[in-house]
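# how would this look folded up:
(chains A, B and C)
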Amino acid sequence: MKNGDHLFLVDGSGFIFRAFHAIPPLNRKSDGLPVNAVSGFCNMLWKLLKDARNTDVGVTPTHFAVIFDYSSKTFRNDLYDLYKANRTAPPEDLIPQFGLIRHATRAFNLPCIEKEGYEADDLIATYSRLAEEAGADVTIVSSDKDLMQLVTGKVSMYDGMKDKQIAIPDVIEKWGVAPEKMIDLQALTGDSTDNIPGVPGIGPKTAAQLLAEYGDLDTLLSRAEEIKQVKRRENILASRELVLLSRQLVTLKNDTPLDVPLDDLILHPQDGPRLIAFLKAMEFNTLTRRVAEACDCDASAIEPAVVPVEWGAEAHGPDLDRGEAVAPSPDGGETAAEAAAVLMPTARPGEASPAGLARARAERFSGAVIDHSAYVTIRDLDTLDRWIADAREAGLVGFDTETTSLDPMQAELCGFSLAIADNRADPSGLTVRAAYVPLSHKTGVGDLLGGGLAEGQIPVRAALDRLKGLLEDRSVLKVAQNLKYDYLVMRQHGIVIVSYDDTMLMSYALDAGVTTHGMDTLSERWLGHKPIPYKDVCGSGKGAQTFDLVAIDRATAYAAEDADVTLRLWHVLKPRLAAERMTTVYERLERPLVPVLARMEERGITIDRQVLSRLSGELAQGAAAFEEEIYALAGERFNIGSPKQLGDILFGKMGLSGASKTKTGQWSTSAQVLEDLAAQGVPLARKIVDWRQLTKLKSTYTDALPGFVHPQTKRVHTSYALAATTTGRLSSSEPNLQNIPVRTAEGRKIRTAFVASPGRKLVSADYSQIELRVLAHVADIPQLRQAFADGIDIHAMTASEMFGVPVEGMPGEVRRRAKAINFGIIYGISAFGLANQLAIERSEAGEYIKKYFERFPGIKDYMDSTKAFAREHGYVETIFGRRAHYPEIRSSNPSVRAFNERAAINAPIQGSAADVIRRAMVKMEPALERAGLGARMLLQVHDELIFEIEDGEVDRAIPVIVDTMENASMPALAMKVPLKVDARAAHNWDEAH
DNA sequence: CCCCAACCGTA
DNA sequence: GTACGGTTGGGGG
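Coordinates of the predicted model:
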């Protein structure tokens, strides 16, 4: 270090405490991790370093270090055992941030310095002295008065939070003494926060006055007798020894041993990608964007870093218990605004009870008058600011995005809309005003050169900066329809929506099985209003255009209406949750899954296109070979893929027996029928079955999957539907990754194409027999509970009970039949179905069922009582209270009724298992983070979760994953049967499964 | 171009 | 016998 250099020393530990208390703890990661101090720290570092690069502005560091306290025990404790003895433990939310700030420092490519037995202040004093001796200037980034003794002509301080420089005159102004007298002043006054004794009755003012009069502390003490004020004189004389001790304590040690030499503090260039990876992991979206701009990086191409979090001893994570107090929950947490908002509008007579309010709301909102001409197009920032301010004031806002694609991973934002219930104008909540903010609408429809940006739109960056403030404000409840979509779209712009409700999920929690949950359906059902069809705005089929090409007036009517309708739906559905006691289901099983699934979809999974392409060729060859043989056997060429043509050939032309008809009267050519024919010795039938298998694998998988590889991420991003099934299961589409083949060897080859990225493994963790375990729990069957407790083969046990065959040496066929019965039970067994499955007579199947019910009477009771419950209430419930509705269960049509009864028997079993894995998924990310693991959950396949995990982490991650899944029901519900999870790691999905 | 039936992949 | 989604063929407009 040389003359003219400039060393910045950041008091990291001091900053943590200051930032933690100064910045409100609103600033959490989406998983609930508090990062307010980290956020303040990163912003401050960025500001310091940014100015540093801009040589026109301020001072430019050549050397830089961030200094931390190593631990609470230092040499000062040897001097005075009560030193800092009154310190209490840091707040819980602060604990994980100590480690994170060190990670942040390293991500900024800065030295992170601490030394056992010394405080940060001593290290700062030492570096400061050395730098000054070398002729350099020093800036200590801190506002701590303990460091002011270090200020000289070459050494100044800088308060990073107040953006204020502290030089010699500033110290004198503040404390009345020059920096070199600060030690004496502190010794006299003491410091209650550090438990440093001083002279009673002497504060900074008196101390400064005394020092001005006597020059320094030693002189003061030697001439203390001269002090005129009796009390003050006596106190000083009595405290003499303590004051000298205090002086030792407050004197910073400027010759501490250093592990990192001064010259090593030289400022290195920023490592942009590394810093962005860290900032993304912290979800500091604004800063990520700024850094990406400054270093010209594409932030979207950078994976978030894996940042281990040390939580200390305290457990953390979203609690999933019923009735437990809801801590500020990671995402859609209940806020004061939300609690207030649900009561808005003001209750009227007859609305005091939740049910009364719900009824009144439904009544008031039905037959809504929706006036498209009242919608506003927001074209300038001032108007947008007013709307956002009004939304803040209301604490509640309807929100919707308009984009160019239904696929959120491909969608480009065109604009967004806001809806506000005007509570002042109309306390009924009925008056909703809504606006559309166009951002990137184009002109020149049909212009091949592409029209330019349409006039009268706010610049995207400016508008989104304002919107971000609203969407990330925990105190404003955002209401959206199918929020996962908007969540993903906004994430692409660095915005993380917090505090939200999703009307689609509210409807799903309330009415699964009654209705679908799309906005148009809900609007017609609850508001009696048919929203403008998307087709009317954008056209369809060949004439379709993207939303950015829609004229802004037309777009406003459509888009604002969506936000308007969504907010009205919320007013109807929200009170129903409480009235129908579905709030817990909604808040614990539905809403928190939105960001979890969004992240899974965003991560995607890698597929090896070469593997698929090779397989596709093999399948084509195999199918072609079959085709020739099929034509030869049939005696003519025909479309094998046409069941109609095939049926005509088999049962018309060839006159084969064993035909059955489909419900439309056509010949059935199902696999079952063909298998039967093959068994009769019809070789053509076998070849058709085999041909179908190959062409199915080719068309549905090997040919289709590569088309889903995202052009930028090069991964496949499925879409999970949260509200598609009656039972509570998820569904997956575009592509459906929940039906990737596994049962045949040929099919399994498809799974080898699903691979981990380099240096990682795929880990598959699946529940073993979860539905039978749920059945054992809900029906409380002693033998089943015992078998699961003992880890016995459940199907063999069933066979043994039914047929009196010992488990040892049981024939495979006997076990197979018992297995089919077990599955049949879960599916709401019928003699017809079981006979079909086992290819036995219906009477024989009936005997099996009778026998089963004799051995397990509890199952019969369960099925009967479930049916009776469903008939009485029209719905059934899972163990977590989710409801599946069967409105047709009282149908006078016996087959319709029987079908609904079977579904009603199945739903609590399938649905409870679905609830369990939902809980596991919500708990998984916090559990992994708590364990300091970067494992990433990618896929869910009903009873299986697939992760991508760094090689070195796999062995540590698996127990965390297994434990989280096995204990997913806790603490809300202790199951009577243990849940068992098997997990394996491999390069591809086939080997991991 | 849209919709439905048939078929088949998964849990 | 439960719960899904995707592909193909084919009919109707």
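# Give me the phi and psi angles of A:L612.
Here is the backbone geometry of A:L612 (degrees, to the nearest 10): phi -70, psi -40.
# How many neighbouring residues does it have?
Neighbour count of A:L612, defined by other Cβ atoms under 10 Å: 23. All C-beta atoms are positioned from the backbone trio N, CA, C, and that covers glycine.
# ok, now how distant is A:P758 from A:C414?
Distance, A:P758 to A:C414, by Cβ to Cβ, to the nearest Å: 37 Å.
# Kindly report the same for A:A787.
On the measure of Cβ to Cβ, A:A787 and A:C414 end up 58 Å apart.
# swap in A:T377?
A:T377 is 13 Å from A:C414, by Cβ to Cβ.
# so where do the strands sit in the stretch 351-500 of chain A?
For the stretch 351-500 of chain A, the strands defined by DSSP state E, counting those that start in this stretch occupy A:376-377, A:396-403, A:413-421, A:432-438, A:477-480, A:500-502.
# Looking at A:A787 and A:C414, which one has more neighbours?
A:C414 (25 against 22).
# Farthest from the middle of chain A: give me that residue.
The C-alpha centroid of chain A is most remote from A:E226, which lies 69.9 Å away (Cα atoms, centre = their mean).
# Quick one: neighbours of A:V537, just the number.
A:V537, neighbours per other Cβ under 10 Å, totals 17.
# any idea which element it lies in?
For A:V537, the host element (DSSP states H and E) is helix A:534-538.
# Quick check: next helix or strand after that helix?
helix A:552-579.
# Please name every helix or strand in contact with the very next helix or strand once past that following helix.
Of the helices and strands lying after helix A:552-579 in sequence (DSSP H and E), the nearest is helix A:583-584. Based on contacts counted as 3 or more Cβ pairs under 8 Å, 6 or more residues apart in numbering; DSSP states H and E, there is no element that helix A:583-584 packs against.
# Give me the mean pLDDT for helix A:583-584.
The average pLDDT for helix A:583-584 rounds to 93.
# The next helix or strand after that helix and DNA strand C in contact?
Next along the chain after helix A:583-584, taking DSSP H and E as the criterion, comes helix A:593-603. No - Helix A:593-603 stays clear of DNA strand C (Cβ under 7 Å from any atom of the strand), getting no nearer than 13.2 Å.
# What lies in contact with helix A:593-603?
Contacts of helix A:593-603 with the rest of the structure, by Cβ atoms under 8 Å, 6 or more residues apart in numbering, involve A:30, A:330-332, A:408-409, A:483-484, A:487-488, A:491, A:500, A:502, A:505, A:715, A:717-720, A:722, A:730, A:918, A:921-922, A:924-925, A:936-940, A:948.
# Show me what from chain A comes close to DNA strand B.
Contact residues, chain A versus DNA strand B (Cβ under 7 Å from any atom of the strand): A:540-542, A:643, A:647, A:662-664, A:666, A:668-672, A:674, A:689, A:692-693, A:696-697, A:700, A:736, A:738-744, A:747, A:941-944.
# do that again at 6 Å, thanks
When proximity is defined by Cβ under 6 Å from any atom of the strand, chain A lies next to DNA strand B at A:540-542, A:643, A:662-664, A:666, A:668-671, A:692-693, A:696, A:738-739, A:741-743, A:747, A:941-943.
# so A:F15 touches A:S39, yeah?
No - the pair A:F15 / A:S39 is not scored as a contact, 11.7 Å apart, by Cβ atoms under 8 Å.
# buried set for stretch A:467-474?
For stretch A:467-474, a neighbour-count test (16 or more other Cβ atoms under 10 Å) marks A:L467, A:K468, A:L470, A:L471, A:E472, A:D473, A:R474 as buried.
# What of stretch A:102-120?
A:102-105, A:107-115, A:118-120.
# and these near DNA strand C, which?
Applying Cβ under 6 Å from any atom of the strand to the buried residues of stretch A:102-120, none is adjacent to DNA strand C.
# Narrow these to those in strands?
A:C112, A:I113 (DSSP state E).
# Where do the helices of the stretch 201-350 of chain A begin and end?
With DSSP state H, counting those that start in this stretch as the criterion, the stretch 201-350 of chain A has helices at A:204-214, A:217-222, A:230-250, A:272-282, A:285-294, A:336-343.
# how far away is the nearest residue to A:L656 once chain neighbours are set aside from A:F626?
Ranked by Cβ to Cβ, 6 or more residues apart in numbering and with sequence neighbours excluded, the top spatial neighbour of A:L656 is A:L650, at 5.3 Å. Using Cβ to Cβ, A:L650 is found at 16 Å from A:F626.
# repeat for A:A358
60 Å.
# Check A:R984 too.
Applying Cβ to Cβ to A:R984 and A:F626 gives a distance of 35 Å.
# more neighbours, those two?
The neighbour comparison of A:R984 against A:F626 (other Cβ under 10 Å) goes to A:F626, with 21 against 15.
# So that one, which state does it fall into?
Secondary structure assignment for A:F626 (DSSP: H, G, I helix; E, B strand; the rest coil): helix.
# Quick check: it vs A:I821, distance?
A:F626 sits 36 Å away from A:I821, taking Cβ to Cβ as the criterion.
# Export only the CA atoms of whichever strand or helix holds A:H21, formatted as CSV.
Using DSSP H and E, A:H21 maps to helix A:12-22. In CSV, the C-alpha atoms belonging to helix A:12-22 read as follows (Å, rounded to 0.1, in the frame of the first residue of the first chain):
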residue,chain,number,x,y,z
GLY,A,12,-19.6,-5.6,9.3
SER,A,13,-20.9,-6.6,12.7
GLY,A,14,-21.9,-3.1,13.6
PHE,A,15,-23.7,-2.8,10.3
ILE,A,16,-25.7,-6.0,10.9
PHE,A,17,-27.3,-4.8,14.1
ARG,A,18,-27.9,-1.3,12.8
ALA,A,19,-29.5,-2.5,9.6
PHE,A,20,-31.5,-5.1,11.4
HIS,A,21,-33.2,-2.5,13.6
ALA,A,22,-33.3,0.2,11.0
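# mind listing what's buried in that helix?
Across helix A:12-22, burial judged by 16+ other Cβ under 10 Å covers A:G12, A:S13, A:G14, A:F15, A:I16, A:R18, A:A19, A:F20.
# how about A:G858, what does it touch?
Neighbouring residues of A:G858 by Cβ under 8 Å, 6+ apart: A:A779, A:D780, A:I781, A:P782.
# Count the neighbours of the residue lying closest to A:A362 once chain neighbours are set aside for me.
Nearest residue to A:A362, sequence neighbours excluded (Cβ to Cβ, 6+ apart): A:V572, at 5.5 Å. Using other Cβ under 10 Å, A:V572 has 24 other residues around it.
# same thing with A:E950?
Neighbours of A:E950 under the rule other Cβ under 10 Å: 17.
# what's the spacing between the nearest residue to it once chain neighbours are set aside and A:G934?
Computed as Cβ to Cβ, 6+ apart, the closest residue to A:E950 that is not its neighbour in sequence is A:R760, at 5.4 Å. Counting by Cβ to Cβ, the separation of A:R760 from A:G934 is 10 Å.
# and what of A:F365?
According to Cβ to Cβ, A:F365 and A:G934 sit 46 Å apart.
# same deal with A:Q186?
45 Å.
# Neighbour count: the two, which is higher?
Per other Cβ under 10 Å, whichever of A:Q186 and A:G934 has more neighbours is A:Q186, with 27 against 19.
# Against A:I140, how distant is the more buried one?
Taken as Cβ to Cβ, the span from A:Q186 to A:I140 is 16 Å.
# got it, and A:E953?
Distance of A:E953 to A:I140, computed by Cβ to Cβ: 39 Å.
# A:A435 contacts A:F416, doesn't it?
No - applying Cβ under 8 Å as the test, A:A435 and A:F416 come out as separate, 9.5 Å apart.
# between the two, who's got more neighbours?
Using other Cβ under 10 Å, the more surrounded residue of A:A435 and A:F416 is A:F416, with 25 against 22.
# The more buried one contacts A:L439, doesn't it?
Yes - counting by Cβ under 8 Å, A:F416 touches A:L439, with 7.4 Å between them.
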